[in-house]
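Peer 1: dropping a prediction and its sequence here:
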Amino acid sequence: MKKNVVRDYCMIAVGVVLVAFALHFFYFPANLAAGGISGLAIILEQLFPAISRPTYILIMNLIFFAIGFMFLGKVFGAKTIFASFFMTGVLEVLHRTMGNVVLTNDMFLNTFYGTLLASVGMAIVFNYNGSTGGTDIIAKILRKYLHVDLGKALLAVDFVITAGGFLVFGWEVGLFSLLSVLINGNLIDRFIEGTRTAKEIMIISKQSEAIRKFIIEDLDRGCTILTGYGGYTKEDTNVIYVVLNRRDYIELRNFIKVVDNRAFLSVNEVREVLGEGYQDIAIF
């Protein structure tokens, strides 16, 4: 259990660093108010420049913490506090050591690479039941109580902030900010789904016992043995049902080729697997 907690926080830290890089190197220089607390910070600094963007992010996150604790529980709140303070720290370090870096003045390049980095980072954070703070908390609440996809919930919340970007920075920056929000919401869902996909396999073989042992002893995975009846052979048979990640599936397929190259396999792609050995169902 302790090992899993350490892993979760390490992965959340990796995701936060990616988001911070997206903000510092692409969003901030281009004034892309692409939703979220960061977008709101960009707008507020333009209107009230006395306070820096990282400070705005920290202040607004503190306001949302109470909401997170109230609706999403202490574990989510603790991870959000960690991610938010870590985000502010990374942004502050980048600002002090590198200053206001402008890699490119091309709005498309800033939008493309900023959105790509931010989407990957946020997907990692969400996948480990964390949040980068701010409007992510509202999106999580919408998913929990309204059962909408996380990316779509985030899109709805961020759209309001992006509308402010049109008013403050004009149509061109506003349109690129809106494009970033639209792409970001969809990419997050795709990246999250990609980390949870697996292979659902059903196997009919005369060497079912050898295959069962290989799954349990070599792959260290569980399986279910179903009782079947051959429609052609009119004989009782065992059907092995197992869900594996892509790497384990390849190992199993290669093993079956050796022990029974006449075995029958049915393989399906599953979008998400919850339970022992996979994503903990308790966090949902």
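Peer 2: Cool, got the structure.
Peer 1: low-confidence ranges, the chain, go.
Peer 2: 1-3, 73-77, 133, 136, 150-151, 154, 193-196, 272-284 (pLDDT under 70).
Peer 1: mind naming the longest strand for it?
Peer 2: strand 236-244 (DSSP state E).
Peer 1: mind listing what's buried along the next helix or strand after that one?
Peer 2: Counting by DSSP states H and E, the next helix or strand C-terminal to strand 236-244 is helix 246-259. Buried residues in helix 246-259, defined by neighbour count with 16 or more other Cβ atoms under 10 Å: 248-249, 252-253, 255-256. Quick note: C-beta positions are derived from backbone N, CA and C, even for glycine.
Peer 1: which residue ranges of the protein form strands?
Peer 2: 198-204, 224-229, 236-244, 264-270.
Peer 1: strand partners of the second one, parallel vs antiparallel please.
Peer 2: Applying DSSP bridges, strand 224-229 is found paired with strand 236-244 (antiparallel).
Peer 1: relative to strand 264-270, how tilted is the partner strand?
Peer 2: 30 degrees (axes from the mean of the first three to the mean of the last three Cα atoms, to 10 degrees).
Peer 1: for strand 236-244, buried residues please.
Peer 2: For strand 236-244, by 16+ other Cβ under 10 Å, it's 238-240, 242-244.
Peer 1: list the contacts of that strand.
Peer 2: 198-205, 208, 211-212, 215, 219, 221-230, 252, 270, 273, 278 (Cβ atoms under 8 Å, 6 or more residues apart in numbering).
Peer 1: now the residues you listed: which count as buried?
Peer 2: 198-199, 201-205, 208, 211-212, 215, 219, 221, 223, 252, 273.
Peer 1: can you count the residues close to Leu44?
Peer 2: 21 (other Cβ atoms under 10 Å).
Peer 1: top helix in the chain by residue count?
Peer 2: With secondary structure taken from DSSP state H, the chain has its longest helix at helix 53-98.
Peer 1: same for that one, what does it pack against?
Peer 2: helix 2-22, helix 36-47, helix 135-146 (3 or more Cβ pairs under 8 Å, 6 or more residues apart in numbering; DSSP states H and E).
Peer 1: out of these, which is the most enclosed?
Peer 2: helix 36-47 (a mean of 23; mean count of other Cβ atoms under 10 Å).
Peer 1: elements contacting that one?
Peer 2: Partner elements for helix 36-47 (3+ Cβ pairs under 8 Å, 6+ apart): helix 53-98, helix 135-146, helix 150-169.
Peer 1: identify the residue nearest the geometric centre of this protein.
Peer 2: Centroid-nearest residue in the chain, with Cα atoms, centre = their mean: Ala123, separated by 2.1 Å.
Peer 1: that one reaches Asn186, doesn't it?
Peer 2: No - using Cβ atoms under 8 Å as the test, Ala123 is too far from Asn186 to be in contact (11.2 Å).
Peer 1: can you give me the end-to-end span of stretch 190-210?
Peer 2: 37 Å (Cα to Cα, to the nearest Å).
Peer 1: relative to Gly39, which of the helices and strands packed on helix 36-47 is closest?
Peer 2: With Cβ to Cβ as the measure, helix 150-169 is the member of these nearest Gly39 (4.7 Å).
Peer 1: other SSEs contacting that closest one?
Peer 2: Helix 150-169 packs on helix 36-47, helix 135-146, helix 171-196, going by 3+ Cβ pairs under 8 Å, 6+ apart.
Peer 1: just the buried positions in the longest one, please.
Peer 2: Buried residues in helix 171-196, counting neighbours by 16+ other Cβ under 10 Å, are found at 173-174, 176-185, 187-189, 191-192.
Peer 1: show me the contacts for the closest residue to Ala33 other than its chain neighbours.
Peer 2: Nearest non-adjacent residue to Ala33, counting by Cβ to Cβ, 6 or more residues apart in numbering: Gly165, 3.3 Å away. Contact partners of Gly165, counting by Cβ under 8 Å, 6+ apart, are 31-34, 39, 42-43, 173-174, 177-178.
Peer 1: just Thr162 next, same as before
Peer 2: With Cβ under 8 Å, 6+ apart, Thr162 has these contacts: 33-35, 39, 174, 177-178, 181.
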